[in-house]
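>>> kindly return the folded structure for what I paste below:
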Amino acid sequence: DWLLLSASSRMLEAWPDFALACEGPNTEAKPFLLDELGVDFFLRIQLKSRKVIWFTDPISGVVFHSAAKSTSAQGGRMQPG
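Below is the predicted model of the structure:
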């Protein structure tokens, strides 16, 4: 839930009906730009479903997806799609 400032109480209050969505093709051929999602997207958002998010690394231009797993013993989760 989002916490928004209430005008009446001047406190942060939960607003369960408030939501934001980022729509796009979301495919390997047409991934999101990380700027569209927000550079902190994977830190802010806990993906509660098995939905895969395709995105382009802004530095390398390589396309990745959120469900990728490392194939090496030392690597992290994020591997190219």
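
>>> could you identify the helix or strand that succeeds the least confident helix or strand in the chain by mean pLDDT?
Lowest on mean pLDDT, DSSP states H and E among the helices and strands of the chain sits helix 41-44, with a mean of 79. Sequence-wise, the next helix or strand downstream of helix 41-44 (DSSP states H and E) is strand 54-56.

>>> so for that next one, what gets flagged as buried?
54-56 (16 or more other Cβ atoms under 10 Å). No exception for glycine: its C-beta is placed from N, CA and C like everyone else's.

>>> now, which of these sits nearest residue 4?
Minimum distance to residue 4 across those is 27.2 Å, recorded for residue 55 (Cβ to Cβ).

>>> show the contacting residues for the closest one.
31-34, 37, 63-66 (Cβ atoms under 8 Å, 6 or more residues apart in numbering).

>>> buried ones in stretch 38-48?
Quick answer for stretch 38-48 (16+ other Cβ under 10 Å): 41-42.

>>> how far off centre is that stretch?
4 Å (Cα atoms, centre = their mean, to the nearest Å).

>>> what does it contact?
Residues contacting stretch 38-48 (Cβ under 8 Å, 6+ apart): 34, 53, 66.

>>> quick check: residue 27 touching residue 56?
No. In this structure, residue 27 is not within contact of residue 56 by Cβ atoms under 8 Å, at 11.8 Å.

>>> ok but residue 14 is inside a strand, no?
Yes. Assessed with DSSP: H, G, I helix; E, B strand; the rest coil, residue 14 lies in a strand.

>>> give me the distance between it and residue 4.
Here the criterion is Cβ to Cβ, to the nearest Å. By it, residue 14 lies 8 Å from residue 4.

>>> now the buried residues of strand 54-56 in TSV, with distance to residue 45?
Output for those, formatted as TSV (distance: Cβ to Cβ, whole Å):
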residue	distance to residue 45
54	15
55	12
56	17
